[in-house]
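Peer 1: Okay, sequence plus prediction incoming.
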Amino acid sequence: SQQGEEDPQALSIQEGENATMNCSYKTSINNLQWYRQNSGRGLVHLILIRSNEREKHSGRLRVTLDTSKKSSSLLITASRAADTASYFCATDTGRRALTFGSGTRLQVQP
Amino acid sequence: NAGVTQTPKFQVLKTGQSMTLQCAQDMNHEYMSWYRQDPGMGLRLIHYSVGAGITDQGEVPNGYNVSRSTTEDFPLRLLSAAPSQTSVYFCASSYSQESQETQYFGPGTRLLVL
């Protein structure tokens, strides 16, 4: 089973709205990362949050991490049509490899 | 920098054929890895390498071989292609050997095995 599981699997919103997606994981982590994948393309790194951090911002992105609940959330504020993509969380458990979740498909309607 | 490059972009194979997916990076990264992505699923790790001459298995290594003779290149070999290996393959690299920092992904190779 996946270490990271995103929720929801799919999300459709209007341009200008905020998008929130969640990630739950099972074992302790060193860090958690979020990636974006546009259709037919490779993954692009968005943000990394370490296990001793609780919140991190990058532009319109806000990531939170709750290690007691083994969960993270990614908030995209003031969404744009160009934010339409799949978003994946990935966890570093110290095993020399990231473990990816199955992703959230975000559709931003113009 | 070109980043992580992969060739070919598309490939069609017949069952039983072999082929090599190429991956190269020009960022002097020690860590490189191969993932496969199937519809509706996340990425699953096939093999990884923490430096030249060092490789290890990931979650789904069966049917694949890798080698790392140089820092730059990390080819993935399909020994005898099977329809179950139809997938999109991504190569990635990272500066760090130990904890996994930002990974840089290639554009992917779409493989269809008939």
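Peer 2: Received the coordinates, thanks. All figures in this text were calculated on a predicted structure; none of them were measured in a lab. Numbers count the residues shown, from 1 in each chain, chains lettered A, B, ... in the order given.
Peer 1: tell me the contacts of the residue nearest the centre of chain B?
Peer 2: When Cα atoms, centre = their mean is applied to chain B, the residue found nearest the centroid is residue B:34 (2.8 Å). Taking Cβ atoms under 8 Å, 6 or more residues apart in numbering or on different chains as the contact definition, residue B:34 lies against B:21, B:23, B:45-48, B:58, B:64, B:66, B:74, B:76, B:89-92. Quick note: C-beta positions are derived from backbone N, CA and C, even for glycine.
Peer 1: and it, what are its bridge partners?
Peer 2: Partner residues in beta bridges with residue B:34, using DSSP bridges, are residue B:47, residue B:91.
Peer 1: do the same with residue A:89
Peer 2: With DSSP bridges applied, the residues forming beta bridges to residue A:89 are residue A:34.
Peer 1: Repeat that for residue B:112.
Peer 2: Note on residue B:112: beta-bridge partners residue B:12, judged by DSSP bridges.
Peer 1: count of neighbours near it?
Peer 2: A count of nearby residues for residue B:112, using other Cβ atoms under 10 Å in any protein chain shown, gives 13.
Peer 1: One more: residue A:107?
Peer 2: The tally of other residues near residue A:107 (other Cβ under 10 Å) stands at 14.
Peer 1: Direction included, what does the strand or helix carrying it pair against?
Peer 2: For residue A:107, the host element (DSSP states H and E) is strand A:104-109. The strands beside strand A:104-109 in its sheet (DSSP bridges) come out as strand A:10-14 (parallel), strand A:85-92 (antiparallel).
Peer 1: Among these, single out whichever gets nearest to residue A:77.
Peer 2: Closest to residue A:77 of the strands paired with strand A:104-109 is strand A:10-14 (Cβ to Cβ; 11.5 Å).
Peer 1: what's residue A:93 in contact with, if anything?
Peer 2: Residue A:93 makes contact with A:3, A:27, A:28, A:29, A:30, A:99 under the criterion Cβ under 8 Å, 6+ apart.
Peer 1: run the last query once more with 6 Å
Peer 2: Contact analysis of residue A:93 by Cβ atoms under 6 Å, 6 or more residues apart in numbering or on different chains lists A:27, A:29.
Peer 1: Need the phi and psi values for it.
Peer 2: Note on residue A:93: its backbone torsions stand at phi -100, psi 10 [degrees, to the nearest 10].
Peer 1: So for it, what's the pLDDT?
Peer 2: Each residue has a pLDDT score; the one for residue A:93 is 77.
Peer 1: before we move on, what about residue B:100?
Peer 2: Residue B:100 is assigned 68 on the pLDDT scale.
Peer 1: Kindly report the same for residue A:1.
Peer 2: With respect to pLDDT, residue A:1 has a value of 41.
Peer 1: mind listing the strands for chain B?
Peer 2: B:4-7, B:10-13, B:19-25, B:31-37, B:43-51, B:54-57, B:64-66, B:76-78, B:87-94, B:104-105, B:109-113 (DSSP state E).
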